[in-house]
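# below: sequence and its predicted model.
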Protein chains: 2
Amino acid sequence: MVVNFGVNTAQFKETCKGFMENTVISTKDKILDVSQDLIQKRGFNAISFQDIADLVGIKKPSITHHFASKEALGIAVVQRYRNVFSIALNRLTNDETVTAMQALRFYFTPYQDLGETGDKICLCASLAGEFLALPSDMQTEVALFFDDHLKWLEEILAKGKKSGEFSFKETPEDLAYLFIDALQGSLIVQRATKNFTQLDRVIASLTERLKS
Amino acid sequence: MVVNFGVNTAQFKETCKGFMENTVISTKDKILDVSQDLIQKRGFNAISFQDIADLVGIKKPSITHHFASKEALGIAVVQRYRNVFSIALNRLTNDETVTAMQALRFYFTPYQDLGETGDKICLCASLAGEFLALPSDMQTEVALFFDDHLKWLEEILAKGKKSGEFSFKETPEDLAYLFIDALQGSLIVQRATKNFTQLDRVIASLTERLKS
DNA sequence: GCAAAACTACCTAACGTAAGGTAGGTTATC
DNA sequence: GATAACCTACCTTACGTTAGGTAGTTTTGC
């Protein structure tokens, strides 16, 4: 199972091109991929149409042909990102054979993938960092991302507690807050301090405490 | 004891003006205060000299008289921020009468103050979110902030564990990671989701686990 | 079946605005 | 009268966006 959480879809498809026929990446998708990548690295306000165009290999005004404005592009990037997670996470909760711990371990993998890049954080964490400088429709999308994830985490933690798989004192809701905050915070801080063992240690801390 | 962690120094002094004579806030300090405030709300790349000048009540080029460049201003803001913490945190570790839990509770207060504003996050978390879009000397300052705090937290946690005040399985270093990541992440996420109980619940979770 | 029409995906050129920054003059203070 | 603090005026660069045009492809009408 693959979750596009920082991993470039276009890049991925490009790699597979030799094996998968008819897998042509549209310019529109390339723009989305490049934009997401740049936002995860530098943020929304620090990137320009020129940066994106250069990496895609088109001219600056051509972006406007696919996305009416920078805000529209930003919204499309976040919506796609939310959607990829929505599909993957729903699949997990609907699968009866997946234990709560397995689901949780799967949830960690995109964070771990991002951590390994050394220069990217979660798209929505990047946007949340400059939240008040975002167009309001983008703010809404970012907020929905966190709502989705908090709800999912709460469900999984409650499921694990009910089945006896997990043991913890807090409410599942409160523990969901701790999980997402620590994971997102970890990616942000470790990119700055360049101690890339930090995320793994935080994940170890978080999971260790589910057993007590 | 007051820590300037988001609370505007100039504003504070202005309030006290009637009671404290000779407390004149220099324009330079006002620029620093306003800049810090704006960065915590919107980030570094989304603010301009014009924004700062308007709030300080001077004209745009006058900022250049006090700070040679935007980068120089940014560095000065972070250095002052780091310094305020350095003084307050050192005072705590040097005071033998302060328990580890008291020190930790004090460490939480600036985060709680920020949480109550509803629109501000930690200066260095804001900057870390757009880390790769920052001038490299600013990156260095931001990294030092996290290094300072991680070191302090590790010390306090180790002290509390040694004295039997705290009980936890992880190393103090690993727990320090969890603490700072969860605190910083919490401010970022709750500003977006607008559920402002989040930080307090995370703090409760973190401290609860020191007793087990 | 095929020309006309419409659409898609780009391009070049240029717009108005705002950014950070500079030069040099004016005002206030000791 | 020197120095600091601030101003006006302006520069260059870059931004998002618009206008208008050109291929090439697809759809339509007879």
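Everything's here; your move. Residues are numbered from 1 along each chain as shown, chains lettered A, B, ... in the order given.

# and residue A:90, how many neighbours?
12 (other C-beta atoms under 10 Å in any protein chain shown). Bear in mind the C-beta positions are built from the backbone N, C-alpha and C, glycine included.

# can you classify it by secondary structure?
What DSSP: H, G, I helix; E, B strand; the rest coil gives for residue A:90 is helix.

# look at it and report its pLDDT.
Residue A:90 carries a pLDDT value of 94.

# before we move on, what about residue A:15?
If you check residue A:15, the pLDDT there is 45.

# now swap in residue A:212 and tell me
The model reports residue A:212 with a pLDDT of 61.

# same deal with residue A:144?
We note a pLDDT of 98 for residue A:144 in this prediction.

# wait, it touches residue A:82, no?
Yes - using C-beta atoms under 8 Å, residue A:144 is in contact with residue A:82, at 6.4 Å.

# how many other residues sit next to residue A:69?
Neighbour tally, residue A:69, other C-beta under 10 Å: 12.

# kindly report the same for residue A:109.
By other C-beta under 10 Å, 14 other residues sit near residue A:109.

# which element is it on?
helix A:100-117 (DSSP states H and E).

# ok, and what's touching that helix?
The contact list for helix A:100-117 (C-beta atoms under 8 Å, 6 or more residues apart in numbering or on different chains) reads A:1, A:3, A:5-7, A:40, A:89, A:92-93, A:98, A:120-122, A:152-153, A:156-157, A:159-160, A:163, A:165-166, A:183, A:186-187, A:190, A:196, A:199-200, A:203, A:207, A:210.

# then stretch A:73-91?
The contact list for stretch A:73-91 (C-beta under 8 Å, 6+ apart) reads A:1, A:3-5, A:31-32, A:35-36, A:39, A:44, A:63, A:67, A:107, A:123-124, A:127, A:134-135, A:137-138, A:141-142, A:144-145, A:148-149, A:152.

# with stretch A:158-169 instead?
Contacts of stretch A:158-169 (C-beta under 8 Å, 6+ apart): A:99-101, A:104, A:157, A:172, A:175, A:209-212, B:208.

# try it again with 7 Å
Residues from elsewhere that reach stretch A:158-169 (C-beta atoms under 7 Å, 6 or more residues apart in numbering or on different chains): A:99-101, A:157, A:172, A:175, A:209-212, B:208.

# which of the residues you listed tops the neighbour count?
Using other C-beta under 10 Å as the neighbour test, these are led by residue A:157, with 26 neighbours.

# for it, what are its contacts?
Contacts for residue A:157 (C-beta under 7 Å, 6+ apart) come out as A:166, A:172, A:175-176.

# rerun that using 6 Å as the cut-off
By C-beta atoms under 6 Å, 6 or more residues apart in numbering or on different chains, the contact set of residue A:157 is A:172, A:175.

# could you measure from it over to residue A:180?
Per C-beta to C-beta, to the nearest Å, residue A:157 is found 11 Å from residue A:180.

# go on, residue A:140?
Residue A:140 is 18 Å from residue A:180, by C-beta to C-beta.

# briefly note if the host helix or strand of residue A:77 comes near DNA strand D.
Element membership of residue A:77, judged by DSSP H and E, is helix A:70-94. Yes - shown here: helix A:70-94 in contact with DNA strand D (C-beta under 7 Å from any atom of the strand) through A:70-71.

# and whatever residue of chain A ends up closest to chain B, what does it touch?
Per C-beta to the nearest C-beta, the residue of chain A with the smallest distance to chain B is residue A:129, at 2.4 Å. Residues counted as contacts of residue A:129 (C-beta under 6 Å, 6+ apart) are B:126, B:129.

# again, 8 Å this time
Contacts of residue A:129 (C-beta under 8 Å, 6+ apart): A:43, A:188, B:43, B:121, B:125-126, B:128-130, B:188.

# pull the longest helix from chain A.
The residue-count maximum for a helix in chain A (DSSP state H) belongs to helix A:136-162.

# quick one: the helix or strand just after it near chain B?
Counting by DSSP H and E, the next helix or strand C-terminal to helix A:136-162 is helix A:172-193. Yes - Helix A:172-193 lies within reach of chain B by C-beta under 8 Å from any C-beta of the partner chain, at A:173-175, A:177-178, A:180-186, A:188-189, A:191-193.

# among these, name the buried ones.
Among the residues of helix A:172-193 next to chain B, those scoring as buried are A:173-175, A:177-178, A:180-186, A:188-189, A:191-193 (criterion: 16 or more other C-beta atoms under 10 Å in any protein chain shown).

# sorry, back to before: so which of the contacts of stretch A:158-169 sits lowest on pLDDT?
Minimum pLDDT for the contacts of stretch A:158-169 is recorded at residue A:212 (61).
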